[in-house]
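1. 3D, please:
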Amino acid sequence: PWLLNMFNISVAAKTTQKLLEIVIAEIKYYIEYLSMVVVGYCTDAGGDAKAMHKLLCQQFPWIITVDCWAYQVHIYLHTISP
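-> Numbers count the residues shown, from 1 in each chain. I've put the predicted structure just below:
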């Protein structure tokens, strides 16, 4: 696996639809311009990202969508340490 692009959306509204638009544009770029086979997509597990996972699976049923475990561990550690 390789990290190909990153988007700073910290100031943008993080809606399910906006996240889905970004992800679909990226997947199309990978397939059409880089001739890659996309088998999975990983994001955090926040509410909008979780909803985006479901919509992504509907549009690309062969793609495996997973939550980022590093993000999950970060959230957990943040909650147990002062």
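
2. Show me which helix runs longest in this structure.
-> As assigned by DSSP state H, the longest helix anywhere in the chain is helix 16-32.

3. name the helices or strands packed onto it?
-> Helices and strands touching helix 16-32, by 3 or more CB pairs under 8 Å, 6 or more residues apart in numbering; DSSP states H and E, are strand 40-43, helix 47-59. Glycine gets a C-beta too; all of them are placed from N, C-alpha and C.

4. now the helix or strand hosting Thr65: how far from the chain's centre is it?
-> Per DSSP states H and E: Thr65 is located in strand 64-67. Here the centre of strand 64-67 is set off from its chain's centre by 8 Å, with CA atoms, centre = their mean, to the nearest Å.

5. contact partners of that strand?
-> Applying CB atoms under 8 Å, 6 or more residues apart in numbering, the contact partners of strand 64-67 are Val39, Gly40, Tyr41, Cys42, Thr43, Asp44, Ala45, Lys50, His53, Leu56, Cys57.

6. For the helix or strand immediately after that strand in the chain, the averaged confidence score.
-> Counting by DSSP H and E, the element after strand 64-67 in chain order, helix or strand, is helix 69-80. For helix 69-80, the mean pLDDT works out to 74.

7. Helix 69-80: how far from the chain's middle?
-> Worked out by CA atoms, centre = their mean, helix 69-80 lies 17 Å from the chain centre.

8. can you start the count at 600 instead of 1 from here on
-> Got it, first residue is 600 now, which makes that one helix 668-679.

9. And the contacts of that helix?
-> Contacts for helix 668-679 (CB under 8 Å, 6+ apart): Asp643, Ala644.

10. and that helix with helix 646-658, angle?
-> Between the axis of helix 668-679 and that of helix 646-658 there is an angle of 160 degrees, by axes from the mean of the first three to the mean of the last three CA atoms, to 10 degrees.
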